[in-house]
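Peer 1: just coords:
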């Protein structure tokens, strides 16, 4: 049994691919380490989030994050839901991609239940989740709202009647993700100052361990490399390292294509394009989290630690605008949540009583040294 289990680890699968075809891209390494269907990091039964896990999220701080999002979603959806009800149209939707264990969905739905019940009756909550194991955990968390929640395996299944054979269904409402895009597989690039061009770092085996290897230049990467302004090409140091995430841009375009009318929202660790070239980021933004400790050893503990890289919000913004969306805001989580809270504190807002517990959680969510500044929020509208 132990030998069989050993053969079913992400590290073993990566070794097998390298043995068969040579060095692989880091994106492939990250994909297998995190998302391998039977043994990846996110398939684990044990909890990876919170005090006993490997990292904190805004959701693990407490329910106020979901409460504030629900308040904002309610403002966006109230008028649209009323119009749809008057026309007898399908309900508006809130769609969450990357719902983890379902706690954020529960916080949002609970707030709507107690403070916007009429709106809740018009809403269908969709969860995009390709993993059957994670779906099962989410169903356990959301048992109370089982009749209100619908699961789909991919973005292409969103919108319209789940029993209707429509080739490209679209939806009215909100599609959002919280800490999803920073965990999508990234390609790791290095700068060759002499050639003034990027090359790709891959992963190989050396003395029995995983090691970095410079991959040969291929057309596979040529259309994905970062544009470097002429003035920066002159001074960018040799070996400067950064990441690109074609998967995040593809996901954003696909989500934009599912919207008929509504908003697309991303909340995540991230930067604008220029910030990736700051001198203190010469080693890139790729990092690992293991038991709340930040580690540069991203090739170690394969399948037992989280891997993440900052989201390029400039690239997402451009992808959305090219897909017909208009950018409504791009700002820090601190400013985004503070603006919502300012409206929620109004006596006539219907948010409910603001307690000392709310205040403590809000401070953690918005403090610049905690979660307020590292997280960015992008909202685009169609």
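Peer 2: That came through fine. From a predicted model like this one, the values you see are computed outputs, not experimental measurements.
Peer 1: per-residue confidence for residue 80?
Peer 2: Residue 80 is assigned a predicted lDDT (pLDDT) of 65.
Peer 1: using the three-state scheme, assign residue 137.
Peer 2: helix (DSSP: H, G, I helix; E, B strand; the rest coil).
Peer 1: looking at this, residue 254 is in a strand?
Peer 2: No - with three-state DSSP as the criterion, residue 254 is helix rather than part of a strand.
Peer 1: any chance you could map the helices in the stretch 251-382 of the chain?
Peer 2: 313-322, 333-344, 356-366 (DSSP state H, counting those that start in this stretch).
Peer 1: mean pLDDT for these - can I get that in a markdown table?
Peer 2: Formatted as a markdown table, the helices of the stretch 251-382 of the chain follow (pLDDT from 0 to 100):
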| stretch | mean pLDDT |
| --- | --- |
| helix 313-322 | 97 |
| helix 333-344 | 96 |
| helix 356-366 | 94 |
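Peer 1: out of the ones you listed, nearest to residue 69?
Peer 2: Nearest to residue 69 among the helices of the stretch 251-382 of the chain is helix 333-344; the distance by CB to CB comes to 7.9 Å. Every C-beta, even on glycine, is put in place using the N, C-alpha and C of the backbone.
Peer 1: okay, the angle between that closest one and helix 356-366?
Peer 2: 150 degrees (axes from the mean of the first three to the mean of the last three CA atoms, to 10 degrees).
Peer 1: how about residues contacting helix 333-344?
Peer 2: For helix 333-344, contacts defined as CB atoms under 8 Å, 6 or more residues apart in numbering pick out 58, 65, 68-69, 71-72, 75, 267, 329, 349, 351, 354, 362, 365-368, 371-377.
Peer 1: out of these, which are inside strands?
Peer 2: 267, 329, 375, 376, 377 (DSSP state E).
Peer 1: which among those residues count as buried?
Peer 2: Those of the ones in strands among the contacts of helix 333-344 that meet the buried threshold are 267, 375, 376, 377, by 16 or more other CB atoms under 10 Å.
Peer 1: tell me the contacts of the second one?
Peer 2: In other words, residue 375. Contacts of residue 375 (CB under 8 Å, 6+ apart): 58, 267, 268, 269, 270, 332, 333.
Peer 1: per-residue pLDDT, the second one?
Peer 2: So that's residue 267. 97.
Peer 1: how close does it sit to residue 97?
Peer 2: Here residue 267 is placed at a distance of 11 Å from residue 97 (CB to CB, to the nearest Å).
Peer 1: equivalent analysis for the first one, please.
Peer 2: From residue 58 across to residue 97, the span is 16 Å (CB to CB).
Peer 1: turn the helices of the stretch 251-382 of the chain into TSV, columns for mean neighbour count and distance to residue 202.
Peer 2: Output for the helices of the stretch 251-382 of the chain, formatted as TSV (neighbours: other CB atoms under 10 Å; distance: least, CB to CB, whole Å):
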stretch	mean neighbour count	distance to residue 202
helix 313-322	19	22
helix 333-344	18	34
helix 356-366	16	38
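Peer 1: which of those sits closest to residue 8?
Peer 2: helix 313-322 (35.0 Å).
Peer 1: that's all I had, so thanks and see you.
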